[in-house]
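A.B. asks: Sequence and predicted structure, then a few things I'm wondering about:
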Amino acid sequence: MAKTSAFGITSFGAYIPRLRLERAAMYEAHKWMAPSLKGLAKGERAFCSWDEDAITMAVEAARDCLLGARAQSIKAVTLASTTLPYADLQNSVIVAGALGLDRNVETSDVTGSQRAGLSRLVEALEAGSDALVVLAERPRTKPASTQEMSYGAGAAAFLLGSQNVIARLLGTAAAAAPFIDHFRAAGAPHDYFWEERWIRDEGYLKIIPEVVGAALKDAAVEIGDISTLVLPLPLKGAAAAVSKKLNFEGKIAASFDDTCGYAGAAHGGLMLASTLETAKPGDRILVVGFGQGATAFALEATDAIETKRGARGVSGALADKVVTKDYLRMLSFYNEIGLEWGMRSEKSGKAALTTLYRSADQLSAFVAGECRACGTIQFPQLAYCVKPECNKPASQFDPHSLVDDAAQVLTFTADWLSYHPAPPLYVGFVQFDNGARLLMEMVDIGPAGIDVGTPLRMVFRIKEPDTARGFNRYFWKATPVTA
């Protein structure tokens with residue numbers, strides 16, 4: 001039966017790493033042993049910096065979705081990914097903390113399949129409770145593989161609620177099937193893939209049509225009523241083949257093959273967010289997720305779609321890029337090569353977990369203290385106001401998040417002597433327009449560099465990895481507003 005509830009998607013957002021690698025550079029490195037990769041050496045792929053992972057990308061996508069609001073009405077946060085940094089530590093808790101959400105929010109991680117995120121999105125839509133669903137993926141691929149050439153990274157976020165709904169659920173269906181197109185054993189760094197023709201002919205072309213048919217029946221619509229088909233599949237040409245099998249004559253959503261690459265469990269979310277960017281009222285969107293079966297659901301855009309767009313969205317994330325030909329840079333960031341960094345790299349990164357907890361209210365959401373007596377904003381919050389003539393106690397402070405406040409470069413140094421995974425280390429004083437000033441790391445600096453006065457925005461990143469124990473300390477860094 002068709003769904004008529006006013007509940008649905010109220011906002012969306014996306015994040016794609018700023019770093020992009022020209023695929024031609026990968027081909028040049030491997031053509032001596034894999035000349036067949038030449039056909040894939042087109043465009044560029046997104047890749048994560050050393051301090052980005054599924055958690056940091058999830059935070060950035062969610063910030064884009066929330067448009068600067070803290071959305072205290074959110075009752076649940078789900079993070080879906082097959083590349084979560086932690087196996088036994090709830091990754092979504094870190095995301096909720098960075099977003100400054102209330103402590104009574106329910107958090108959960110979903111993993112284990114490429115359709116995990118889309119399946120969870122459907123479940124949350126059917127549940128009808130205000131929620132934030134985030135899909136994020138940082139695929140790691142074998143050097144010289146076709147996956148290395150065609151994969152990317154990214155995240156998408158969807159806010160669900162009953163106010164100002166921009167897309168409502170019409171119908172859904174799912175099927176579980178022990179069809180293994182690829183797998184990754186627990187603890188293994190790379191996926192193992194089966195033969196492509198088998199995946200396409202016996203998997204995509206047989207399992208997907210069955211589930212799509214059931215979803216259309218549940219939605220009480222025909223395939224001809226669908227405006228856009230969102231079909232995240234990593235094999236080139238597979239979406240067109242499935243579309244033909246479905247007798248679908250509408251628009252197939254953009255897959256960003258030449259500008260980002262396949263982002264695993266997050267890719268369906270990116271494609272859906274991109275579709276919502278340009279959707280018109282009344283458009284019907286069919287979304288399909290594949291992985292050990294399939295999930296399909298139909299959405300209908302409402303009149304509110306015209307007034308609700310992501311702050312940056314997929315289009316903005318794709319445009320904000322730093323392109324490089326440094327293939328070894330990507331290999332280093334993904335731990336595919338071991339470089340000699342010298343003795344300075346041998347320092348211990350052990351985190352004090354007690355300090356992280358006690359200071360979580362400041363560190364996670366970058367919360368400064370604003371003195372009620374004189375208005376001075378300071379980070380970190382000390383026992384007394386830093387303004388000498390004020391000196392009021394911390395009990396007189398109000399919390400003030402610096403996450404979305406405008407800032408600019410006051411001073412900077414490009415340090416080639418200190419150890420840093422992405423030299424040089426850019427560090428300097430950041431001047432916030434609200435008067436706050438602090439020493440920060442600056443990241444994702446493009447070829448043009450930075451200068452005093454360069455506008456900055458804040459991004460959530462890995463501050464320091466404890467490689468010996470496998471624990472990351474997260475914090476906020478500054479990056480140029482534009483690449």
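C.D. replies: On my side now, so go ahead.

A.B. asks: Secondary structure class of the residue of the chain positioned farthest from its centre, three-state.
C.D. replies: Centroid-distance maximum for the chain: Glu389 at 44.6 Å, with CA atoms, centre = their mean. Under DSSP: H, G, I helix; E, B strand; the rest coil, the three-state class of Glu389 is coil.

A.B. asks: For it, which residues are in contact?
C.D. replies: Glu389 sits next to Cys374 when contact means CB atoms under 8 Å, 6 or more residues apart in numbering. For the C-beta atoms, the positions are set from N, CA and C on the backbone; glycine is no exception.

A.B. asks: before we move on, what about Ala177?
C.D. replies: Residues near Ala177 by CB under 8 Å, 6+ apart: Ile207, Gln292, Gly293, Ala294.

A.B. asks: residues near Ala220, how many?
C.D. replies: 13 (other CB atoms under 10 Å).

A.B. asks: State the pLDDT value of it.
C.D. replies: On pLDDT, Ala220 comes in at 97.

A.B. asks: I am assuming it contacts Ala298, so please confirm or correct that.
C.D. replies: No - Ala220 lies out of contact with Ala298 (CB atoms under 8 Å); the separation is 9.4 Å.

A.B. asks: which neighbours do those two share?
C.D. replies: Common contacts of Ala220 and Ala298 (CB under 8 Å, 6+ apart): Leu170, Gly171.

A.B. asks: circling back to that earlier point, closest one of the contacts of Ala177 to Thr111?
C.D. replies: Thr111 lies nearest to Gln292 out of those, by CB to CB, at 12.4 Å.

A.B. asks: just checking, what's the longest helix in the protein?
C.D. replies: helix 205-219 (DSSP state H).

A.B. asks: Name the surrounding residues that touch that one.
C.D. replies: So helix 205-219 is contacted by 1-3, 170-175, 177, 179, 222-223, 226, 231, 241-242, 245-246, 286, 288, 290, 293-298 (CB under 8 Å, 6+ apart).

A.B. asks: Give me the residue at the spatial middle of this protein.
C.D. replies: Nearest to the mean C-alpha position of the chain, by CA atoms, centre = their mean, lies Ala155 at 2.3 Å.

A.B. asks: ok, of the contacts of helix 205-219, which come out buried?
C.D. replies: 3, 170-174, 179, 223, 226, 231, 242, 246, 286, 288, 290, 293-298 (16 or more other CB atoms under 10 Å).

A.B. asks: so of those, which ones are in helices?
C.D. replies: Val242.

A.B. asks: now the helices for the stretch 301-450 of the chain?
C.D. replies: For the stretch 301-450 of the chain, the helices defined by DSSP state H, counting those that start in this stretch cover 313-319, 327-333, 353-358, 360-363.

A.B. asks: got any ranges where the stretch 251-400 of the chain has weak pLDDT?
C.D. replies: In the predicted model, the stretch 251-400 of the chain carries pLDDT under 70 at residues 309-310.

A.B. asks: Swap in 90 and give it another go.
C.D. replies: For the stretch 251-400 of the chain, applying pLDDT under 90 flags the ranges 306-312, 339-356, 358-361.

A.B. asks: Report the residue ranges of every domain in this structure.
C.D. replies: Domains of the chain are assigned by automatic domain parsing as 8-183+193-307, 351-366+402-480.

A.B. asks: looking at those, which is buried most?
C.D. replies: Ranked by mean neighbour count, these are led by domain 8-183+193-307 with a mean of 21 (mean count of other CB atoms under 10 Å).
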